[in-house]
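Engineer: For reference, the sequence and a predicted model appear below.
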Amino acid sequence: MLYGAFAFGWGLLLLSTFLINHFDLFGLRQVWLQLLGKPYQPVPFRMPALYRYVRHPLYVGWLFTFWRRRP
């Protein structure tokens, strides 16, 4: 059950980053646009699927990922 929660946490983390534009979040889009010589245009604000129900799905994903029983 704990391994399932661990896997769910990582899956939620990955899904959450792609919902809010994974490449812009980690700066990859900015670098790519700079290499192409194009100006950076900010991504418009939106609230995709999970963000309508949970304020911070990334934090919830981290919580499930690192939640473990102390010995």
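Structural biologist: Now that the structure is in, tell me what you want to look at.

Engineer: what's the nearest residue to Leu50 if we skip its chain neighbours?
Structural biologist: Once flanking residues are discounted, Leu50 sits nearest to Pro57: 4.3 Å by CB to CB, 6 or more residues apart in numbering. The C-beta positions use only the backbone N, C-alpha and C, and glycine is treated the same way.

Engineer: Tell me how many other residues surround the one you found.
Structural biologist: Neighbours of Pro57 under the rule other CB atoms under 10 Å: 20.

Engineer: residues making contact with the strand or helix carrying Leu58?
Structural biologist: Under the criterion of DSSP states H and E, Leu58 resides in helix 57-66. The contact list for helix 57-66 (CB atoms under 8 Å, 6 or more residues apart in numbering) reads 5-6, 8-13, 15-17, 19, 50-51, 54.

Engineer: give me that answer again for 6 Å
Structural biologist: Residues outside helix 57-66 that contact it (CB atoms under 6 Å, 6 or more residues apart in numbering) are Ala5, Phe8, Gly9, Trp10, Leu12, Leu13, Ser16, Leu50, Val54.

Engineer: shaky segments in the chain?
Structural biologist: Within the chain, the segments meeting pLDDT under 70 span 69-71.

Engineer: Go again with 80.
Structural biologist: Low-confidence segments of the chain (pLDDT under 80): 68-71.

Engineer: Select the longest helix from it.
Structural biologist: As assigned by DSSP state H, the longest helix anywhere in the chain is helix 2-19.

Engineer: Which of the contacts of helix 57-66 has the largest number of neighbours?
Structural biologist: Going by other CB under 10 Å, Ser16 tops these with 23 neighbours.

Engineer: Good, wrapping up.
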